[in-house]
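**Q** structure, please.
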Amino acid sequence: MDLVKNIAKDFFREIDDKSREFFEFVLPPIDLHEENDTLIVTVDIPGFDKNDINVTLSSNVLSIKAEKKNDVNGRIVMKQRPRIIEKKMILPIIMKEGKEKVNSEILTAGAKIIEEERITPYCFRYVIKCDDDLLELAQKIESVEMTEILSLGKSLELVKDIGDASVVADQYSLNNFNGTHGIGHTRMATESGVDIRSAHPFWGYPFSDVSVVHNGQLTNYWNTRRKLEKIGMRFMSTCDSELIAVYLATKIREEIDLEDAMKTSLDDLDGVFTYLVATKDKLGMAKDYMAAKPMVLYESDDLVALASEEVAIRSLLPHEIDTHDPYEGEVKVWQA
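**A** Predicted coordinates:
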């Protein structure tokens, strides 16, 4: 009987620990909004005394730290509320002098600025003529303090941000985009923070002519990431989805066909996942051998549509359609 009690006690202690770890990871929720030229930050930190919360701003990095004093008397039966919260967030602020330095680095790299446009207070879009190595250009641009490239390439344009999908679409004027194919993603964070870096789609730095969206979890993320970093590949986030983009970029860099690269990913990547990939002239999908993550496919003579839920496809097409679920371990590639 004592053994059963001890097992139950350990079990519930583990639940308490995991619950507390979860809340310490996801909290605090943060809202950002603009009023004229002012950025307003709203943060909810329930259960902490105001004197135990420390907020600092260094350049455009907001740091929030809160630590609760252990002032409970008596025997603790359950303890799931977070004790420590620590979060850092890059605020969407671009300094004028930073943009001028970026322009200077672009010209120094031997590139020519054809067009530049301010999309949001913190995001600029450039059209650049560059005949040299894109990696060297990327390194020069990111040598400017607090500057980060979201995508860089010759055929794909990658858009990612935080917020409701319709808001992001309006910000970046997605309705004005023209092309043969595209992929998109709305994210519920499970493995990493909620920030622009961790938003989908992902690309293989600096080869954005490969772009990936993913649903699932990769269990060999860190081991595979370290292998890719040893051969010079770079990661922009700690989101496991990015690994797929970097993996495929590495294979394509080795002149391996996209479909073959996707097939090897089913063996090299562990976990449960489905993903879509876009290149300059191809669209592909892959589903792991366990097929635990949903994907629905509609295919006709002039249209291919894929989604996690059938209702997403039906909302775009006015007529009755037939869809099916790709089978386990399936890889398909379409020519755009």
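
**Q** can you pull the phi/psi pair for residue 182?
**A** phi -160, psi 160 (degrees, to the nearest 10).

**Q** ditto for the one 3 residues further on
**A** The phi/psi pair for residue 185 (degrees, to the nearest 10) reads phi -160, psi 140.

**Q** ok, residue 176 next?
**A** Taking degrees, to the nearest 10, you get phi -90, psi 0 for the backbone angles of residue 176.

**Q** what's the answer for the one 10 residues further on, then?
**A** Dihedral angles of residue 186 (phi, psi; degrees, to the nearest 10) stand at phi -110, psi 130.

**Q** show me how the protein divides into domains.
**A** 2-90, 93-149, 156-335 (automatic domain parsing).

**Q** turn those into CSV, columns for mean pLDDT and mean neighbour count.
**A** (Each C-beta comes from the backbone N, C-alpha and C, glycine too.) Putting these into CSV (pLDDT from 0 to 100; neighbours: other Cβ atoms under 10 Å) gives the following:
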stretch, mean pLDDT, mean neighbour count
domain 2-90, 72, 12
domain 93-149, 84, 14
domain 156-335, 88, 16
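
**Q** just checking, residue 239 is part of a strand?
**A** No - counting by DSSP: H, G, I helix; E, B strand; the rest coil, residue 239 is not found in a strand; it is coil.

**Q** against residue 265, how distant is it?
**A** Using Cβ to Cβ, to the nearest Å, residue 239 is found at 17 Å from residue 265.

**Q** check residue 44 too.
**A** Using Cβ to Cβ, we find residue 44 at a distance of 39 Å from residue 265.

**Q** show me what contacts residue 293?
**A** Counting by Cβ atoms under 8 Å, 6 or more residues apart in numbering, residue 293 makes contact with 215-216, 272-274, 287, 308.

**Q** closest to residue 123 among those?
**A** Taking Cβ to Cβ as the measure, residue 123 sits nearest to residue 215 out of the contacts of residue 293, at 25.6 Å.

**Q** what's the distance between the closest residue to residue 162 other than its chain neighbours and residue 294?
**A** Distance criterion Cβ to Cβ, 6 or more residues apart in numbering; nearest residue to residue 162, sequence neighbours excluded, is residue 196 at 5.9 Å. Distance, residue 196 to residue 294, by Cβ to Cβ: 26 Å.

**Q** same deal with residue 230?
**A** 34 Å.

**Q** residue ranges for the strands of the stretch 151-300 of the chain, please.
**A** Secondary structure of the stretch 151-300 of the chain (DSSP state E, counting those that start in this stretch): strands at 202-204, 207-218, 271-278, 282-287, 296-299.

**Q** follow-up on the earlier one: now do the same contact list for the residue nearest to residue 162.
**A** 90, 150, 160-162.

**Q** and residue 317, by the same measure?
**A** 298, 305 are the contacts of residue 317 under Cβ under 8 Å, 6+ apart.

**Q** what do you get if the cut-off is 10 Å, keeping everything else the same?
**A** Listed by Cβ atoms under 10 Å, 6 or more residues apart in numbering, the contact set of residue 317 reads 298, 300, 303, 305.

**Q** of these, closest to residue 64?
**A** Nearest to residue 64 among these, with distances taken as Cβ to Cβ, is residue 305, at 41.1 Å.

**Q** in which helix or strand does that closest one reside?
**A** Per DSSP states H and E, residue 305 falls inside strand 304-307.

**Q** and the next element down the chain from that strand?
**A** Downstream of strand 304-307, the next assigned helix or strand under DSSP H and E is helix 310-314.
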